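S.K.: give me coordinates for this.
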Amino acid sequence: MDMQTDYMGLTLKNPIVPSSSPLSHSVDSIKQLEDAGASAVVMYSLFEEQITTESFYLDYYLSHGTDSYAESLNYFPELDCYNVGPDEYLELIRHAKEAAGIPIIGSLNGTSTGGWIDYARRIEEAGADALELNVYYIPTSTYLMGAEVEYIYTDILHDVKQAIEIPVAMKLSPYFSSTANMAQRLADGGVNGLVLFNRFYQPDFDLEKLEVVSRLVLSNSHELRLPLCWIALLHGRVDVDFAITSGVHTYLDALKGLMAGAKVTMMASELLQNGINRIGEVLVEMEHWMEEHEYSSVKQMIGSMSQKNVVETAAFERANYMKMLASFQPLR
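M.R.: Model (predicted):
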């Protein structure tokens, strides 16, 4: 069975790629991902705040005065726990490239060009095979227009593409007023890949303490449908390579992503919950399914159920919405 796929000019041995997560925090864990079957690894993100001087001010105010009393040493966490340290990030990429035989994709997370440009170059110099730009931005200002938000993305892409030669992907949110147009504008701007979609982690309320709290909730397979639908709509219409992320947990999820038009299917939550050996299990299950259904290669199925390749194209659009609502029968 030919499981090979191409993503942003990189030839990958299979379509399973661990997305940005704590699983890439060390060379050993990256090697373990490779041994488990991963065809490439997206590094955990280097945050804009870690690059700018804000991180140094934060370090100063958290550590200032903690030597005054012995017990005060326990007041604040060590910043190393939060991966503050762009230089260490670059060293990790260098060592990962030396130790692993699969592509290493760097990841930058932020909302402005700022120090991104310099570190995009340095990530390239460290040996990364590609770079993923994760623009995690929530526009909360009531005076900020949608067009201004879109320019944040296109400006970052333009500046980074001017600075480096390795392929660049952008990880998008699903909340644009015109997702299709945004994808096209990024394609026109030279993006090599689009990763759909970023997950926004909303805060929760603790009603007993009356506090706003952060609770990490990992994804599940139900979350696959939104990126699945958009990739199926955009495949063949926007000239970029698509990666599907958020909701990829099983071999069926991975197969659906490929048939929608994704070149790779990215996993994180499944591996965090059930271990990195799930990569090999999913690949074996994919091969069995492909054998049973007489597929000879992954490339043969990519986009086979996208909008351009199905007869019932309305299933992807408004007619399907009406049809689904009409089909529901309430319990009596």
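S.K.: what segments of the stretch 201-332 of the chain are strands?
M.R.: 204-206, 211-213, 241-244, 262-267 (DSSP state E, counting those that start in this stretch).
S.K.: most packed of those?
M.R.: Stretch with highest mean neighbour count among the strands of the stretch 201-332 of the chain: strand 262-267 (a mean of 28; mean count of other Cβ atoms under 10 Å). Using the backbone N, CA and C atoms, a C-beta is placed for each residue, glycine as well.
S.K.: for residue 15, which of the strands of the stretch 201-332 of the chain is the nearest?
M.R.: Checking the strands of the stretch 201-332 of the chain against residue 15 by Cβ to Cβ gives strand 262-267 as the closest, at 4.8 Å.
S.K.: just checking, what packs against that closest one?
M.R.: Applying 3 or more Cβ pairs under 8 Å, 6 or more residues apart in numbering; DSSP states H and E, we find strand 262-267 packed against strand 5-7, strand 16-18, strand 241-244, helix 251-260, helix 278-292.
S.K.: strand partners (parallel or antiparallel) of it?
M.R.: Take DSSP bridges as the rule and strand 262-267 pairs in its sheet with strand 16-18 (parallel), strand 241-244 (parallel).
S.K.: one step back: can you list the strands of the stretch 201-332 of the chain in a markdown table and add distance to residue 169?
M.R.: A markdown table is the format used below for these (distance: least, Cβ to Cβ, whole Å):
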| stretch | distance to residue 169 |
| --- | --- |
| strand 204-206 | 30 |
| strand 211-213 | 32 |
| strand 241-244 | 7 |
| strand 262-267 | 10 |
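S.K.: got a markdown table for those, with mean pLDDT too?
M.R.: Below are these laid out as a markdown table (pLDDT from 0 to 100):
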| stretch | mean pLDDT |
| --- | --- |
| strand 204-206 | 87 |
| strand 211-213 | 87 |
| strand 241-244 | 98 |
| strand 262-267 | 98 |
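S.K.: picking up where we left off before, out of the helices and strands packed on strand 262-267, deepest packed?
M.R.: Counting by mean count of other Cβ under 10 Å, the most buried of the helices and strands packed on strand 262-267 turns out to be strand 16-18, with a mean of 28.
S.K.: in three-state terms, label the residue lying closest to residue 123 once chain neighbours are set aside for me.
M.R.: Leaving aside its sequence neighbours, residue 123 sits nearest to residue 106 (Cβ to Cβ, 6 or more residues apart in numbering; 4.0 Å). Following DSSP: H, G, I helix; E, B strand; the rest coil, the label given to residue 106 is strand.
S.K.: so how far is residue 205 from residue 106?
M.R.: Noted for residue 106: a distance of 36 Å to residue 205, by Cβ to Cβ, to the nearest Å.
S.K.: before we move on, what about residue 263?
M.R.: Residue 263 is 40 Å from residue 205, where distance means Cβ to Cβ.
S.K.: same thing with residue 97?
M.R.: Residue 97 is 44 Å from residue 205, by Cβ to Cβ.
S.K.: can you check residue 110 too?
M.R.: Taken as Cβ to Cβ, the span from residue 110 to residue 205 is 28 Å.
S.K.: for residue 223, which non-adjacent residue is spatially closest?
M.R.: residue 247 (3.7 Å).
S.K.: please name the residues that touch that neighbour.
M.R.: 219, 220, 221, 222, 223, 224, 225, 226, 227, 228, 253 (Cβ atoms under 8 Å, 6 or more residues apart in numbering).
S.K.: tell me if I'm right that the last one and residue 265 touch.
M.R.: Yes - counting by Cβ atoms under 8 Å, residue 253 sits close enough to residue 265 to count as a contact (7.1 Å).
S.K.: list the contacts for residue 186?
M.R.: Neighbours of residue 186 in contact, by Cβ under 8 Å, 6+ apart: 153, 154, 157, 170, 194, 240.
S.K.: do the same with residue 100
M.R.: 27, 30, 31, 34, 41.
S.K.: backbone dihedrals for the second one, both of them.
M.R.: Reported as degrees, to the nearest 10, the phi and psi values for residue 30 are phi -60, psi -40.
S.K.: so who does it touch?
M.R.: Taking Cβ under 8 Å, 6+ apart, we find residue 30 in contact with 24, 41, 96, 99, 100, 104.
S.K.: so which bits of stretch 93-105 are buried?
M.R.: In terms of neighbour count (16 or more other Cβ atoms under 10 Å), stretch 93-105 has its buried residues at 93, 96, 97, 100, 102, 103, 104, 105.
S.K.: so where's this protein uncertain?
M.R.: Residues of the chain meeting the criterion pLDDT under 70: 48-85, 111-115, 311-316, 318-326, 328, 331-332.
S.K.: so where's the longest helix in it?
M.R.: Counting residues, the longest helix in the chain under DSSP state H turns out to be helix 146-163.
S.K.: who are the packing partners of that helix?
M.R.: helix 116-125, strand 130-134, strand 168-172, helix 179-188.
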